[in-house]
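S.K.: sequence first, then the predicted structure, then my questions.
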Amino acid sequence: MSSRRPSSPARSSSQASIKSSKQHTPHNPSHLRESQTHSASHEASQSSLDMADATPSSTEPSPRTHPTYPHTDPSAVDGVLDGETSTMEDFGTRVATETTSLLRRPFELVTGCAHPGDCNHGTFSPQVESRAESVRSGYGFGSTQQSRSSGHGVEESNTSIFSMLLGKNGSGGKKKMSTTNYLVEQHGITNKTGMYLSYYIPFLAWIKQYRWIHLRGDMIAALTMASFYLPMSLSYASNLAHVPPINGLYSFVFNPFIYAILGSCPQMVVGPEAAGSLLVGSVIRTSVDKGHGLDDDALMQGRVAGVVTGMAGAVIFIAGITRLGFLDSVLSRPFLRGFISAIGFVIFVDQLIPEMGLADLADGAGGVSHGSSVDKLRFLFTHANKANAITCVVSGVSFLIIMVFREMKSRLQPRYPSVAYIPDRFLVVVLSAILTWQLRWDKLGLEILGEVKSTTSGNPFPFHWPFQISHMKHVREAMGTSFLIALLGFFESSVAAKSLGAGQGKGAIQGIPLSPNRELVALGVANLVGGCFTALPAFGGYGRSKVNASTGGKTPMSSIFLSIITIFCVLFLLPAFYYLPKSVLSAMITVVAWSLIEEAPHDIMFFIRIRGYTELGLMIIIFASTIFYSLTLGIAIGVGLSLLSVIRHSTRPRIQILGRIPGTNRFENAEDNPDKLEFIEGCLIVKIPEPLTFANTGDLKSRLRRLELYGTGKAHPALPRLRPEEHNKNIIFDIHGVTELDGSGTQVLEEIVRGYRDKGVRVYFSRVPAEGTPIWNLFRRSGILDIVGGKDHFVADVGEALRLTEVEAGGEYGYSDAPGSG
């Protein structure tokens, strides 16, 4: 298969004909890429003016041009096929006399070199040579070593750099050097060990920047967060996780401290969350239902919480070590919104029972506390007349006070930032405890928290390794739930970290890049340690972190102060929680549940507006299964549907048939505007806009077959053939979007190309990555390069491929200017 052509008859034409055709030959071969350049000297300007009349001194192609494209091959242009040497006037004559029915304007025949001599610039327009003193060796990362002044010197310098990186030199066999090691050597970085330690242990980076001006803001932020979230942790432990209240405090003892050392977001604060605590409670209830413990066995409940927390930490830690920072993208937004809204509803209904003083009655009503939300609502409506009045009043008033302050803060904080310092939740807790103690409301039926102590007497921080053989029965029950806790926690932490970034405002810690993989490691280690002390799962929370940032916290030291304050509370202030009403804790959790639900209407209206009924249906399915059955079923359905959606999206080929916009050199998806595009007779132009891997090449053959038969990939395969077979004599693949190609994808592509060639179909590839790239090497090693007919079938764009189809079909070029063009 050859693209060679006979000598043009213009070689024997008269001088007048040559002169006439010269007006059609621009000095810059392409009007589209004509550029303005400044000559370094008068001589350079004069040289560029005389360029068009100069005779080429060499028939070798430009080092910057692809040597395999027919229209850029200087030897073909200069007539070396028949032993003659032509001038630019000869070339202009040929351009003016060649004709092709298909390819007119805007396609242009372009020379490989626009001037005599060696080419040191782009293909299309002459440019001045870079000044020697402005050329630097290396990648341009700031290296100060100057290269030699000549163009060849620059090329040799760059070649030596890449040879060093690739481990190739004159003698061969040199060990490959990584880019990082090369930059370290070039810039004289001596403390490479310290550089890596500061990156993987951010504490070593931010502690050097810590100043006394940070201390006041960090301390105030820690005190504010302690007043808000220490009572919340007691609520999460006792009302959601069904573990001793002190286990909630443990989450603020260890996790914030460890995250401050290993975390990459300075202002993020980790702690227990409502969703994770509720999921821990579901595991404990399952263990009780299966006879692995009793409802009042605080020691067993704490150990199960430690097992769940430790397993979630192990999952997160392993994911970080194996660089799975993309895991937060596995769960779709509709799943997260549906599941989080369902959790908010479940929490809201759960807390109505203690808020109405019906907890004891629910425990004795045939396992209502372990039932679904529908069962609990039925119980509440049936026994509403038995509610305790003082409990309802205390919980209702507490809920209203917290909600009013919450709304006032959201409205006033933009104008008066200091309102963020008002500890409304802390005031409610303190006032309710004092009133209960003074007025003896506990004697009237108001349930109080009672004595808060460690499950092991004498040791306030008991160590208990969660992965013991005796705990295997709990491990099996907690496996799936721990994995979901890890995913949900990492997702929320990622949202918080990305929103806060690397610090905000004046005086913030700088130079700590946010890394999802380091976040996984930090959260994993924190929860592994927390699991050893039977703490609840703790992750970064956006609301908690915003409170930290808005109250003056600039560095991770605020998290360390929070841990110290919590340790002080565990050691000295636990007796002060004795008269704290449980209904107040339930009211605080109800506020959190409200915040989880209130975002759902916005997402629902958004999906309705964009007609995203699939996403809306997924939200409804997950919400309904969680409400009417259990959290476990909602988790299973949500994760299963999300994974199916990911697999379906990644395995479906997205190949397109292209058509040309009339009068232009642009090609677009023909299925979008089939009536506005031109289709090239005898050619099927296929665009592959994505990487080809084992996941999406399984159905590639059948999709291509549909394009051949029907001209669209959306037609049902039951239709008879609609596209004539003669329209598929040439197949052009535009593979600009194929940024990655694995072995399976290469094998499928090789089978497709071989099948076309066996049927006599010519195959071309346009916009292929350059020689030497991994994708090019796969084409060469797999034999695709030889099967299609060599490098001549790999071209720069679709227009060149269309020229080649006519060259090989008709044996010669036939290009002419369109009528009326000058």
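M.R.: Structure's in. What do you need?

S.K.: let me see the contact set for Leu446.
M.R.: Leu446 makes contact with 357, 388, 390-391, 394, 436, 581, 583 under the criterion CB atoms under 8 Å, 6 or more residues apart in numbering. C-beta here means a position set from N, CA and C on the backbone, and glycine is covered the same way.

S.K.: same thing but at 7 Å, please
M.R.: Contacts were defined as CB atoms under 7 Å, 6 or more residues apart in numbering; by that measure Leu446 touches 390-391, 394, 436, 581, 583.

S.K.: dump the residues you listed into TSV; add distance to Tyr182 as well.
M.R.: Formatted as TSV, those follow (distance: CB to CB, whole Å):
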residue	distance to Tyr182
Ile390	73
Thr391	70
Val394	68
Thr436	68
Pro581	65
Ser583	65
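
S.K.: now, those that are in helices?
M.R.: Using DSSP state H, the members of the contacts of Leu446 that fall within helices are 390-391, 394, 436, 583.

S.K.: so which of those wins on neighbours?
M.R.: Ser583 (31 neighbours; other CB atoms under 10 Å).

S.K.: now do the end-to-end distance for stretch 439-459.
M.R.: Between the start and the finish of stretch 439-459 there is a gap of 34 Å, counting by CA to CA, to the nearest Å.

S.K.: distance between it and the chain's centre?
M.R.: Here stretch 439-459 shows a centroid-to-chain-centroid distance of 47 Å under the convention CA atoms, centre = their mean, to the nearest Å.

S.K.: which of the residues in that stretch are buried?
M.R.: Residues 441-442, 446-449, 452, 454-455 are the ones in stretch 439-459 that count as buried (16 or more other CB atoms under 10 Å).

S.K.: farthest-separated two in the contacts of Leu446?
M.R.: In those, two members sit farther apart than any others by CB to CB. They are Thr391 and Thr436, at 11.1 Å.

S.K.: still on that earlier bit, just give me the closest of the buried residues of stretch 439-459 to Ser595.
M.R.: Among those, and counting by CB to CB, the member closest to Ser595 is Leu449, at 23.3 Å.

S.K.: still on that earlier bit, export the contacts of Leu446 to TSV and append columns for distance to Val592 and pLDDT.
M.R.: Below are these laid out as TSV (distance: CB to CB, whole Å; pLDDT from 0 to 100):
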residue	distance to Val592	pLDDT
Ile390	24	94
Thr391	20	94
Val394	18	95
Thr436	22	94
Pro581	17	92
Ser583	15	92
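
S.K.: what is the nearest of the residues you listed to Phe252?
M.R.: Here the nearest of the contacts of Leu446 to Phe252, counting by CB to CB, is Pro581; it sits at 21.5 Å.

S.K.: residues contacting the closest one?
M.R.: Listed by CB under 7 Å, 6+ apart, the contact partners of Pro581 are 394, 432, 436, 446-448.

S.K.: cool, Leu249 as well?
M.R.: By CB under 7 Å, 6+ apart, Leu249 lies in contact with 230, 233, 566, 569-570.

S.K.: state the three-state secondary structure for it.
M.R.: Using DSSP: H, G, I helix; E, B strand; the rest coil, the structure places Leu249 in helix.

S.K.: if I look at it, how far off is Pro537?
M.R.: Distance of Leu249 to Pro537, computed by CB to CB, to the nearest Å: 14 Å.

S.K.: hang on, the earlier thing: quick check: the farthest pair among the contacts of Leu249?
M.R.: So for these, where distance means CB to CB, the most widely separated pair is Ser233 and Val570, at 11.1 Å.

S.K.: which one's more surrounded, these two?
M.R.: Per other CB under 10 Å, whichever of Ser233 and Val570 has more neighbours is Ser233, with 25 against 20.

S.K.: isn't the more buried one up against Val253?
M.R.: No - at 10.0 Å, Ser233 does not count as touching Val253 under the criterion of CB atoms under 7 Å.

S.K.: turn the contacts of Leu249 into CSV, including distance to Val315 and secondary structure.
M.R.: Compiled in CSV, the contacts of Leu249 are given as follows (distance: CB to CB, whole Å; DSSP: H, G, I helix; E, B strand; the rest coil):
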residue, distance to Val315, secondary structure
Leu230, 27, helix
Ser233, 22, helix
Thr566, 25, helix
Cys569, 30, helix
Val570, 28, helix
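
S.K.: follow-up on the earlier one: closest one of the contacts of Leu446 to Asp797?
M.R.: Scanning these for proximity to Asp797, where the rule is CB to CB, the winner is Ser583, at 72.3 Å.

S.K.: for the closest one, give me its contacts.
M.R.: If you count contacts by CB under 7 Å, 6+ apart, then Ser583 has 354-355, 391, 394-395, 446-447 around it.

S.K.: which parts of the helix or strand that contains Ala478 are buried?
M.R.: For Ala478, the element it lies in under DSSP states H and E is helix 472-500. Burial within helix 472-500, assessed by neighbour count using 16+ other CB under 10 Å, is assigned to 474-475, 477-478, 481-497, 500.

S.K.: export whichever helix or strand comes after that helix as PDB, just CAs?
M.R.: If you walk from helix 472-500 toward the C-terminus, the next helix or strand you reach (DSSP H and E) is helix 516-532. This file holds the C-alpha atoms of helix 516-532, laid out as PDB (Å, rounded to 0.1, in the frame of the first residue of the first chain):
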ATOM      1  CA  PRO A 516      -6.300  12.200  50.300                       C
ATOM      2  CA  ASN A 517      -3.900   9.300  50.900                       C
ATOM      3  CA  ARG A 518      -2.300  11.000  53.900                       C
ATOM      4  CA  GLU A 519      -5.700  11.800  55.200                       C
ATOM      5  CA  LEU A 520      -6.600   8.100  55.100                       C
ATOM      6  CA  VAL A 521      -3.400   7.200  57.000                       C
ATOM      7  CA  ALA A 522      -4.000   9.800  59.600                       C
ATOM      8  CA  LEU A 523      -7.700   8.900  60.200                       C
ATOM      9  CA  GLY A 524      -6.800   5.200  60.100                       C
ATOM     10  CA  VAL A 525      -4.100   5.500  62.800                       C
ATOM     11  CA  ALA A 526      -6.400   7.700  64.900                       C
ATOM     12  CA  ASN A 527      -9.200   5.200  64.900                       C
ATOM     13  CA  LEU A 528      -6.900   2.200  65.400                       C
ATOM     14  CA  VAL A 529      -5.600   3.900  68.600                       C
ATOM     15  CA  GLY A 530      -9.200   4.900  69.600                       C
ATOM     16  CA  GLY A 531     -10.400   1.400  69.100                       C
ATOM     17  CA  CYS A 532      -7.700   0.200  71.500                       C
END
